[in-house]
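S.K.: below: sequence and its predicted model.
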Amino acid sequence: MRNAIAPKPPSFASLVQQFFTDYLVAQRAVSPRTVACYRDALMLFLDFADRTLGKAPTALRLVDIQPTLILAFLDHLEHERHNAVRSRNLRLTALRAFLKFAGRRDLSSMHAVERALAVPMKRFERPMLDYLTREEIIAVLGQPGSDWTSQRDHLLLAMLYNTGARVSEIIGVRVVDVVLEGAACVHLQGKGRKQRSVPLWKTTALEIRVWLRRNPHLRGEAALLPNRDGYAMTRCNVFQRLNLAISHAAANLPSLAKKRVSPHTLRHTTAMHLLQSGVPFNVIALWLGHESTTTTHRYVEADIAMKEKALARLEAPDIRMRRFIAPDSLMRFLQTL
């Protein structure tokens with residue numbers, strides 16, 4: 001009986017193609033932004049490997065990706081490209097995702113892949129979460145003006161605060177995603193194309209009704225918050241409109257001028273205000289689309305007011321510290337030293 005011939009392992013180039021087309025897009029259905037992030041990370045690594053090993057990407061093998069090469073690449077990102085630790089870790093996350101995928105399809109390289117996967121993430125201090133007070137968010141929201149842009153911007157900011165949505169989620173909302181009858185809510189598509197429904201406050205639902213009544217051409221698959229050309233707003237659009245609202249509000253509330261406010265700050269603000277209102281962790285996690293309540297717990301750490309309230313509920317123990325008096329034998333011992 002002839003020995004079975006072991007199948008030829010897939011080439012590195014074919015593994016890269018399968019990772020993006022079959023795994024990320026077809027199986028995991030990740031967003032185009034995630035695909036672009038992973039693509040950029042892999043291109044940076046392959047370019048570095050080419051210059052370091054003298055091997056073109058098509059000639060590279062999985063066994064060539066040693067821990068020393070990965071560590072050198074990460075140092076290159078930090079010291080030569082001046083990437084922050086968070087960016088460095090994101091590049092490593094993309095590389096590890098590819099290696100895990102490739103290792104399952106090229107078992108002959110599994111040992112080398114396992115060694116490469118042992119390269120750890122770099123720890124760093126997370127900055128304290130910044131958020132707006134209730135007075136500040138009310139000032140930012142302001143009152144809608146009479147022109148079309150002002151009304152759209154007001155609804156944009158109101159929905160960001162109501163839903164705690166990410167920018168990508170809010171600009172992706174279509175008219176059909178909004179439910180105004182019965183329990184008003186909006187359907188959001190979050191990270192990993194995971195969908196969730198977030199309830200709308202009565203005031204937000206009313207503003208959406210008024211907005212749609214004044215813009216009857218907005219229906220079905222149309223963007224709820226379009227630009228002047230009728231297309232969905234871009235991330236840059238949202239940042240610009242928020243900055244404009246901040247500058248106007250700061251004229252009457254100077255504390256805003258000292259803060260760096262981004263759309264994600266409004267997301268933090270929603271979470272903090274929900275937490276301060278007594279909403280449970282698990283509900284806030286569902287509201288924001290967090291996969292784990294561990295992420296939500298960061299808001300407790302950031303809220304010094306809640307810590308002070310918790311401390312006030314505790315009574316200091318009534319313990320009197322007594323002066324230590326050593327026994328005579330110990331005193332005699334110490335005197336001999």
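M.R.: Cool, the structure landed. Numbers count the residues shown, from 1 in each chain.

S.K.: near R86, how many other residues are there?
M.R.: Using other C-beta atoms under 10 Å, R86 has 10 neighbouring residues. C-beta: built from backbone N, CA, C; applies to glycine.

S.K.: local confidence estimate at it?
M.R.: Predicted confidence (pLDDT) at R86: the value is 89.

S.K.: then E315?
M.R.: E315 is given a pLDDT of 56.

S.K.: go on, the one 3 residues further on?
M.R.: D318 carries a pLDDT value of 58.

S.K.: so A139, which of the three states?
M.R.: What DSSP: H, G, I helix; E, B strand; the rest coil gives for A139 is helix.

S.K.: shouldn't it be in contact with N252?
M.R.: Yes. With contact defined as C-beta atoms under 8 Å, A139 reaches N252; the gap is 6.4 Å.

S.K.: more neighbours: which of the two?
M.R.: When neighbours are counted by other C-beta under 10 Å, A139 and N252 differ, and A139 comes out ahead with 20 against 9.

S.K.: ok, the residue lying closest to the more buried one once chain neighbours are set aside to H154 distance?
M.R.: What sits nearest to A139 in space, not counting adjacent residues and going by C-beta to C-beta, 6 or more residues apart in numbering, is A249, at 4.0 Å. Separation of A249 from H154 (C-beta to C-beta, to the nearest Å): 12 Å.

S.K.: residues that sit against both of these two, list them.
M.R.: Common neighbours of A249 and H154, using C-beta atoms under 8 Å, 6 or more residues apart in numbering, are G142.

S.K.: residues contacting L288?
M.R.: Contacts of L288 were listed using C-beta under 8 Å, 6+ apart, and they are 164, 267, 270-271, 296.

S.K.: quick one: buried residues of stretch 270-280?
M.R.: Residues of stretch 270-280 classed as buried: 270-275 (neighbour count, 16 or more other C-beta atoms under 10 Å).

S.K.: what about that stretch, distance to the chain center?
M.R.: Centroid separation between stretch 270-280 and its chain, computed with C-alpha atoms, centre = their mean, to the nearest Å, is 19 Å.

S.K.: stretch 29-48 too?
M.R.: 17 Å.

S.K.: quick one: contacts of that stretch?
M.R.: Contacts for stretch 29-48 (C-beta under 8 Å, 6+ apart): 16, 20, 24-25, 57, 60, 72-73, 76-77, 90-91, 93-95, 97-98, 168, 191-193.

S.K.: can you check stretch 130-143 too?
M.R.: 154, 157-158, 161, 242, 245-246, 248-249, 252-253, 255-256, 259-261, 265-266, 268-269, 271-273, 302.

S.K.: ok, now with 7 Å
M.R.: 154, 157-158, 161, 245-246, 248-249, 252-253, 255-256, 259, 265, 268-269, 272-273 (C-beta atoms under 7 Å, 6 or more residues apart in numbering).

S.K.: report the buried members of those residues.
M.R.: 154, 157-158, 161, 245-246, 249, 253, 256, 265, 268-269, 272-273.

S.K.: how about the helices of the stretch 151-300 of the chain, start to end?
M.R.: 167-171, 202-214, 235-250, 263-276, 281-288, 293-296, 298-302 (DSSP state H, counting those that start in this stretch).

S.K.: among those helices, which comes closest to E114?
M.R.: Distance to E114, taken as C-beta to C-beta, is lowest for helix 293-296 among the helices of the stretch 151-300 of the chain, at 26.5 Å.

S.K.: show me what counts as buried in the closest one.
M.R.: T296.

S.K.: who's in contact with P144?
M.R.: Contacts of P144 (C-beta under 7 Å, 6+ apart): 150-151, 154.

S.K.: so it, which state does it fall into?
M.R.: coil.
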